[in-house]
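S.K.: I'll drop the sequence and a predicted model, then ask my questions.
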Amino acid sequence: MINGIINVYKEKGYTSHDVVARLRGILHQKKIGHTGTLDPDAEGVLPVCLGKGTKLCGLLTDKRKTYEAVLHLGLDTDTQDISGVVKRECEVRVSQEEVRACMESFVGEQMQIPPMYSALKVKGKKLYELAREGIEVERQPRPVTFYEIRILSMELPFVRFSVTCSKGTYIRTLCHDIGEKLGCMGCMESLLRTRVDRFDIQDSLKLSAIEEKKIQGKLEEAIVSVEEMFADYPAFYAAETFTKMLKNGNAIPAEKPEHTGRVRMYTETGIFVGLYEWQEVKGQYKPVTIFSSPEDFHSAGALQKTT
């Protein structure tokens, strides 16, 4: 089984689920999960977790993301993007300076109302399913953060911009809200995700390229290991007496530890166990997420006997 994360370039027309399904066929393994939905019309970075890496799906979903989008002023659609039905057309009389000032006003913490055409659930039913039935329900605004909004080019009614934002943010809703604030309405013309945490679009691979690497036996080059994902955390090597406790997923006592936050936990022999966090009151490292399995300890033991 392949374990880790692969930086996939999701092409237009694919759903995130489609990407996972294709990868299962290419890699011949079932344990695969994506790290956050991209609309079928959107393109760009989609980190996909493999094997033990699937435990990272939630962690990566929470990370900040960067997009390049095109705002189309003067159009209001039911989906808030260009693929939807046009509800209104407005004349665009705003100046570039007004557009710039308006977009800059969205930087920081905001309250955003999720669109009806989204996968959020209300009473067990997805919003887009209700929308397709012609049903609109009240949605509660949710806090989101725009860390940076940078205009790349402007030829009204089109504005191409880059935005870095928090999890749960809808860029098409941002486009809609900008247009509404300007008084001329707006929708999203296109969307390209350029970064998710450490995963950049320059390093992403289309499914065809991944398949080619698999055929050539070079797939490992494209896999980021689970251990690498925690490279910013210090390493802690537990004494041999605690190996059984680590194998069973228990907390590890420690006296005057050098690192008192989160650490990469290893056995004395160097088996990567997982992410642990120091608990001052109990004087121990408590597991946050464990990535090792009993097989890792057995194989390590066998290796030691033969060396």
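M.R.: Yep, it's here. Numbering: from 1, shown residues only.

S.K.: from here on, contacts and neighbour counts on C-alpha atoms
M.R.: OK.

S.K.: Could I get the contacting residues of residue 269?
M.R.: Taking Cα atoms under 8 Å, 6 or more residues apart in numbering, we find residue 269 in contact with residue 240.

S.K.: That one and residue 243, how far apart?
M.R.: 9 Å (Cα to Cα, to the nearest Å).

S.K.: Could you do residue 212 as well?
M.R.: In this view, residue 212 and residue 243 are 40 Å apart by Cα to Cα.

S.K.: Of these two, give the one with the bigger neighbour count.
M.R.: Between residue 212 and residue 243, counting by other Cα atoms under 10 Å, residue 243 is the more crowded of the two (20 against 13).

S.K.: Using PDB, write out the CA atom coordinates for the longest strand along the chain.
M.R.: When the chain is parsed with DSSP state E, its longest strand is strand 142-155. C-alpha atoms of strand 142-155 as PDB (Å, rounded to 0.1, in the frame of the first residue of the first chain):
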ATOM      1  CA  ARG A 142     -20.300  31.700   8.800                       C
ATOM      2  CA  PRO A 143     -17.000  33.400   9.900                       C
ATOM      3  CA  VAL A 144     -14.300  33.300   7.200                       C
ATOM      4  CA  THR A 145     -10.900  35.100   6.900                       C
ATOM      5  CA  PHE A 146      -9.400  36.600   3.800                       C
ATOM      6  CA  TYR A 147      -5.700  37.000   4.500                       C
ATOM      7  CA  GLU A 148      -4.900  38.600   1.200                       C
ATOM      8  CA  ILE A 149      -6.800  39.800  -1.900                       C
ATOM      9  CA  ARG A 150      -4.500  41.000  -4.700                       C
ATOM     10  CA  ILE A 151      -5.800  42.300  -8.100                       C
ATOM     11  CA  LEU A 152      -3.700  40.800 -10.900                       C
ATOM     12  CA  SER A 153      -5.400  42.600 -13.900                       C
ATOM     13  CA  MET A 154      -8.500  44.600 -14.500                       C
ATOM     14  CA  GLU A 155     -10.400  45.100 -17.800                       C
END
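
S.K.: pLDDT on it, on average?
M.R.: Averaging pLDDT along strand 142-155 yields 97.

S.K.: Would you mind pulling up the elements that the very next helix or strand once past it packs against?
M.R.: Following strand 142-155 in sequence order, the next helix or strand is strand 158-165 (DSSP states H and E). If contacts are counted by 3 or more Cα pairs under 8 Å, 6 or more residues apart in numbering; DSSP states H and E, strand 158-165 sits against strand 65-73, strand 142-155.
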